[in-house]
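J.: Need a 3D model of the following:
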Amino acid sequence: MSAASQAGESGSGPSMRTVVVASSAGTAFEWYDFFIFGTLAAIISRNFFAGLTETAGLVAALALFGAGFAFRPLGALIFGRMGDRIGRKAAFLITVTLMGGATFAIGLLPTYEQAGLIGPALLVFLRILQGLALGGEYGGAAIYVAEHAPDHRRGEYTGWIQTSAAFGLIGALVVILVTRRLLGEEAFSAWGWRIPFLVSAGLLAISVFMRLKLAESPSFQRLKDSGEATKAPFAESFGQWKNLKIVLLVLFAFMSAQGAVWYTAFFYVQVFLERFLKVEPATVNTLMICATIASAPLYVFFAWASDRVGRKWVMWFGMTLALVAFFPGFKALTMAANPALAEAQARTPVVVAADPADCSLQFDPVGKAAFVSSCDIAKTVLANAGVSYANVAAPAGTPAQVRVGERTVVSIDGRGLPPEALAAAKSEVETQIRAALAAEGYPSSADPGRMNLPAVFGILMIFVVGATALYGPMAAALVELFPTRIRYTAMSLPYHIGTGWVGGFVPFSAFAIVTATGNIYSGLWYPVIFTGVSVIVCLFLPETKGKPLD
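T.: From the prediction side, this is the model:
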């Protein structure tokens, strides 16, 4: 990137280097803030949802991770309107400040043990603030860079905004890994998890300082000076069919796939490795750091490529690669990361025989339901063990049985038992099931000596290439599809519905599907369906590379 590159058609204002660095650094900081929560979901569940079972607590934490995303479209509307009426700079100064303050405050929250329901309630509130802030951040940063960049290099320059997600995730994973190693797992789980949140205060100061040095984008400034800035961005964006149809096309052509592919490749894969394949958390963190570092230049490469061959086909290649790779890739992960588990599942399948009426959908983010039937107790133990199982209908009224080869464990109906007796009954069933699994060669954790780390990394990189090819050109494509008057509002909403509602709920939804079906791969249907729709609809997307923004 040339330091002599100038922003705006007049050649005045900050250099392209300053524009890109300041915008990308602030966006990377906001991604850092958001990602540390997802990476620490298991520890968050233990500290803030201690009143739930292990499975329900993790589901609640993953749901809260998704809740932050759920509010991103609202943030997109609030800050999109501000950006289209007042200016790009003001909007993304507010978003970075709001995100930083909320993240720092999470590091100070009392846990469930310390303050009861107050802790989880405050955590929910702060996650909502984070979601609102991130909803306004991305659009502002992408538009700001694009409106400074020359037409023929817009993909290349906006690619740095895309790679900021990698830098944010790298920062989150590095801080978590270093803190974990320095404190030890026990101290980190007890109180050290707060440190990554508190570190954000320093990053916030740097981000605000850099963004204060920026001027308004030239395209918006010209629009404002001429008195042509929109006064009704919502009505123009969503009330006029010529604009609304582009919003819908963007959502289904590539934003749904982006949310599904990116969050499967960088977040659900962590849940899968740690939760189901029983890989040590530190090993998972290290693998993801390596994969994320390798992803950083790929965003810019694919964005650069889109300046030459077009946005549409680079993105289509990325989503198609992910679509065909997910199922075989995750099965290959099992063989490479925990071959003993793969061998045991092939050699000795597990079966749960139960009265269907006795089995609940173990889905309760608020923790009010009690899954204590014989079927629910048996399935909870297997889900916690990361073991796939087949469901077989048993005669009505009979207690659930877990069959592991020739061994059969009869579960216990806990309904009506006092708390102490229920806890003892669950413990007894769990002990018997785990003993049966161990006797048939099911490992309690992945054996580092048998783990093929190069193969695991290679599989992760297939997912990473798909995600970066799809995401790299996306900022330029979004900016080019919408007119300057409504660009912030119109592009931000489909972006955050795709990443927020589709992507943000990938870990939560996929995990819930797995616990319901008993198949550790069945959760992949969630991202596969959304990606498959986009692979088809993307063929109808117009090409926009090199299009003048004014």
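J.: Return the distance of residue 18 relative to residue 299.
T.: Distance, residue 18 to residue 299, using C-beta to C-beta, to the nearest Å: 20 Å. Every C-beta, even on glycine, is put in place using the N, C-alpha and C of the backbone.
J.: Let me see the backbone angles for the nearest residue to residue 350 once chain neighbours are set aside.
T.: With C-beta to C-beta, 6 or more residues apart in numbering as the criterion, residue 350 has its nearest non-adjacent residue at 4.1 Å, and that residue is residue 389. For residue 389, the backbone dihedrals are phi -150, psi 150 (criterion: degrees, to the nearest 10).
J.: Surely residue 389 is in contact with residue 352?
T.: Yes. Using C-beta atoms under 8 Å, residue 389 is in contact with residue 352, at 5.1 Å.
J.: what touches both of these two?
T.: 379, 382, 402, 518 (C-beta atoms under 8 Å, 6 or more residues apart in numbering).
J.: Can you name the residues bridging to the third one?
T.: The residues paired with residue 402 through beta bridges, assigned by DSSP bridges, are residue 352, residue 409.
J.: Can you verify my assumption that it contacts residue 377?
T.: No. Between residue 402 and residue 377 there is no contact under C-beta under 8 Å: 9.8 Å.
J.: Those two: who's more crowded?
T.: The neighbour comparison of residue 402 against residue 377 (other C-beta atoms under 10 Å) goes to residue 402, with 28 against 25.
J.: need the contact list for the more buried one.
T.: Applying C-beta under 8 Å, 6+ apart to residue 402 gives the contacts 350-352, 378, 381-382, 389, 408-409, 411, 433, 436.
J.: which of those has the most neighbours?
T.: residue 411 (29 neighbours).
J.: List the contacts of it.
T.: Taking C-beta under 8 Å, 6+ apart, we find residue 411 in contact with 354, 374-375, 377-378, 399-402, 429.
J.: Swap in 7 Å and give it another go.
T.: Contacts for residue 411 (C-beta atoms under 7 Å, 6 or more residues apart in numbering) come out as 374, 377-378, 399-402, 429.
J.: ok so, going back, ok, the shared contacts of residue 389 and residue 352 vs residue 177, which is closest?
T.: residue 382 (30.1 Å; C-beta to C-beta).
J.: Check what pLDDT that closest one gets.
T.: Residue 382 carries a pLDDT value of 88.
J.: likewise the one 3 residues further on?
T.: Reading off the confidence values, residue 385 has pLDDT 82.
J.: Show me where the stretch 251-400 of the chain has its helices.
T.: Secondary structure of the stretch 251-400 of the chain (DSSP state H, counting those that start in this stretch): helices at 256-263, 269-271, 281-309, 311-337, 339-347, 374-385.
J.: how close does residue 304 get to residue 543?
T.: 16 Å.
J.: Compare the two (neighbour count), which wins?
T.: Set residue 304 next to residue 543 and count neighbours by other C-beta under 10 Å: residue 304 wins out with 17 against 14.
J.: which residues touch the more buried one?
T.: 155-156, 159.
J.: ok, so of these, who is nearest residue 27?
T.: residue 159 (12.4 Å).
J.: From residue 393, how far out is the closest one?
T.: Using C-beta to C-beta, residue 159 is found at 53 Å from residue 393.
J.: now do residue 309
T.: Residue 309 is 53 Å from residue 393, by C-beta to C-beta.
J.: Repeat that for residue 125.
T.: 44 Å.
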